[in-house]
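A.B. asks: No letters, just coordinates:
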Ligand code: NAI
């Protein structure tokens, strides 16, 4: 049983005990109803207190039960709340620390609520593409007023209990306790006081109105609709709260249930729930137990103060960890530090960073030209030029100076981490930490696990990733790791589409309409087309079988590297980033088609999206087969946090599962008839073919 029952004098205390946040799983729910039944049967008990053990009153639904029959098994949360309301002795919620989702709905069903200051109070269901489903939309407006309740329900953000308690006319809390430590004791005293004193108050009986009525709700819908494009749940929150103001309580509850159930089946909610789980699962590595000892990281060294080194350093400074940057020459150091300062000063100017915080961060930053000064660092991250020879020099030097047990990381985006590790006599301490540009902004961190990387090193790097607020995903060693290995296939398809008849603008528009932040050609212009050019030149030697459209090379031969040269796939006006379709480029593409003897055909936006996205999916399936990623959710996290894949579609692998792998494989086989592509580009990866044939999904 995950709810304890104890009697203190004439008050029964039911304590939810389902760590970490007293999720309202089946056993906990059963514990509450059984406790209530006992209390009612015991003539010596005059009142009941419900509280939570440890660090929460309750965080709501039990995520371990998500999507399982147990989540809905009776007593479900609605039944538990009805049992609380129906109790003929006063039931007092003793709320502290965390009171969210179903936990808040349970508290709202109680006759009285005593809360500790500092409690985070929220209805966060909207973040999973849902609305509260156990009366939250009907009861919260009755105790906090329509506007405050609606703001909380639409945003899902936590609000502190003391702030809510200070709102005029609020009926959420009957009493504020002195502290979380004393809340149960104070709730017991409160329960004794109210026991036997007439009719028990129920939130459902309170009135629910907004003075402006429908006009207010129209305003709310305009605001919320504008801010929640692609996500249906926020607008439905408004509908549900409006129902609370227009319908009888029980009819409002039925309306809430109807909306909740409909949202449960939307692709957006499915995607958001998938992301919620995938994000948590990403930090778990199958063969690295959670209790693996971690090394202590108190100071960080960064080698190279270029584009990446500066951004990487900022992450650690922001987390309060001292950083020492090493460069070859003083002027490179000065330039790098200058950019870090400029970035922080811009934040101070915008009011996003307080001056004292800025000063504190800069005081944690030091520089050096000498490797000896890195000897005390616990973690050293290399971000020098992308050449194996340069990495060799750096890692040999690090092997000489770094203290025993220091973690040696490389930010390489294309080189073999095992080769880099072999430059040292301590390959177990070497790992890839692949940040994305700009490294102080982008959430993704690919943690590249070498063949000999120690488990404790991996566990430490995953933990430090969390500390610097990144989404850390483990990748095995291969060309491009997870993200860039997949994007390569996507880019190849983008090129083939040009050869066959599409323009860069048509391709970009189609995939941006699908939801990508930026299409492949605008992206190329932003990142620099010369980067891909260099990779293709290398590939021409290493992977001569890999076919590409020649259009991108031709573009680079014209010196059109993108925004930095004022021209790429698009034209750019000086100082502006707007992509203007280029007649010159379009003519270059047409001439190229003529050279190949291709008659251009009209390509639908649907085909463009399918070819780009399924190219990602198929490579993702290969990556799973090869063991480069340990689960499909990891691949989705990479694409959502590092490549601008639309959140509401849940990542490429989840999206493919939603479309149905059978359909994905069938479409790919149809594309395979296209004579322009590599003969085997569209052969479904064996894993994809197998899952499709078995009617299964990637999850
Ligand atoms: P960058 O050219 O901006 O900076 C490299 C810096 O390293 C320069 O300041 C240079 O003076 C310094 N440096 C070179 N050799 C050195 C040595 N032996 N000792 C000390 N300092 C040395 O290059 P960027 O873009 O910062 O790239 C660095 C690494 O990060 C590369 O491995 C790259 O592949 C990787 N990377 C780059 C990304 C990007 O978008 N720029 C994204 C992810 C990874």
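C.D. replies: The structure has been received and is ready for your questions. Remember, predicted model here, so these are calculated numbers, not experimental data. Residues are numbered from 1 along each chain as shown.

A.B. asks: Closest residue of the stretch 301-450 of the chain to the ligand?
C.D. replies: Per C-beta to the nearest ligand atom, residue 306 is where the stretch 301-450 of the chain lies closest to the ligand, at 1.8 Å. Quick note: C-beta positions are derived from backbone N, CA and C, even for glycine.

A.B. asks: need the contact list for that residue.
C.D. replies: By C-beta atoms under 8 Å, 6 or more residues apart in numbering, the contact set of residue 306 is 332, 336, 383-384.

A.B. asks: Residue 159 touches residue 119, doesn't it?
C.D. replies: No - the pair residue 159 and residue 119 fails to qualify as a contact (C-beta atoms under 8 Å) at a distance of 9.4 Å.

A.B. asks: Pipe the contacts of residue 306 into JSON lines and attach distance to the ligand per row.
C.D. replies: Shown next, in JSON lines, are these (distance: C-beta to the nearest ligand atom, whole Å):
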{"residue": "332", "distance to the ligand": "4"}
{"residue": "336", "distance to the ligand": "6"}
{"residue": "383", "distance to the ligand": "4"}
{"residue": "384", "distance to the ligand": "4"}
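
A.B. asks: show me what contacts residue 563?
C.D. replies: Contacts of residue 563 (C-beta under 8 Å, 6+ apart): 525-526, 572, 577.

A.B. asks: now with 6 Å?
C.D. replies: Contacts for residue 563 (C-beta atoms under 6 Å, 6 or more residues apart in numbering) come out as 525-526, 572.

A.B. asks: and if you look at residue 124?
C.D. replies: By C-beta under 6 Å, 6+ apart, the neighbours of residue 124 are 100-101, 156.

A.B. asks: Please determine how far it is located from the ligand.
C.D. replies: 33 Å (C-beta to the nearest ligand atom, to the nearest Å).

A.B. asks: Next: residue 76.
C.D. replies: Plainly put, residue 76 is 48 Å away from the ligand if you go by C-beta to the nearest ligand atom.

A.B. asks: backbone phi and psi for that residue, please?
C.D. replies: Residue 76 adopts backbone torsions of phi -80, psi 180, taken as degrees, to the nearest 10.

A.B. asks: Setting aside sequence neighbours, what's the nearest residue to it?
C.D. replies: Closest residue to residue 76 apart from its sequence neighbours, by C-beta to C-beta, 6 or more residues apart in numbering: residue 29 at 7.2 Å.

A.B. asks: Report pLDDT for residue 445.
C.D. replies: You'll see residue 445 listed with a pLDDT of 98.

A.B. asks: Are we agreed that it is in a strand?
C.D. replies: Yes - assignment of residue 445 by DSSP: H, G, I helix; E, B strand; the rest coil places it within a strand.

A.B. asks: For the stretch 551-699 of the chain, which segments count as helices?
C.D. replies: 551-557, 583-596, 605-625, 632-642, 652-659, 661-671, 686-694 (DSSP state H, counting those that start in this stretch).

A.B. asks: now do the stretch 201-350 of the chain
C.D. replies: 214-227, 233-246, 249-264, 267-282, 307-318, 330-349.

A.B. asks: export those helices to TSV and tack on mean pLDDT and mean neighbour count?
C.D. replies: Formatted as TSV, the helices of the stretch 201-350 of the chain follow (pLDDT from 0 to 100; neighbours: other C-beta atoms under 10 Å):
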stretch	mean pLDDT	mean neighbour count
helix 214-227	96	14
helix 233-246	98	22
helix 249-264	97	17
helix 267-282	96	20
helix 307-318	97	23
helix 330-349	96	15
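
A.B. asks: Compare these and give me the one nearest residue 517.
C.D. replies: Across those, residue 517 has its closest neighbour in helix 267-282 (15.9 Å, C-beta to C-beta).

A.B. asks: Give me the helices and strands touching the closest one, please.
C.D. replies: helix 632-642 (3 or more C-beta pairs under 6 Å, 6 or more residues apart in numbering; DSSP states H and E).

A.B. asks: list the helices and strands the helix it packs on packs on?
C.D. replies: When contacts are defined as 3+ C-beta pairs under 6 Å, 6+ apart, helix 632-642 packs onto helix 267-282, strand 471-476, helix 481-500, helix 652-659.

A.B. asks: would TSV of those with distance to the ligand be doable?
C.D. replies: What follows is the helices and strands packed on helix 632-642, written out as TSV (distance: least, C-beta to the nearest ligand atom, whole Å):
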stretch	distance to the ligand
helix 267-282	19
strand 471-476	13
helix 481-500	9
helix 652-659	20
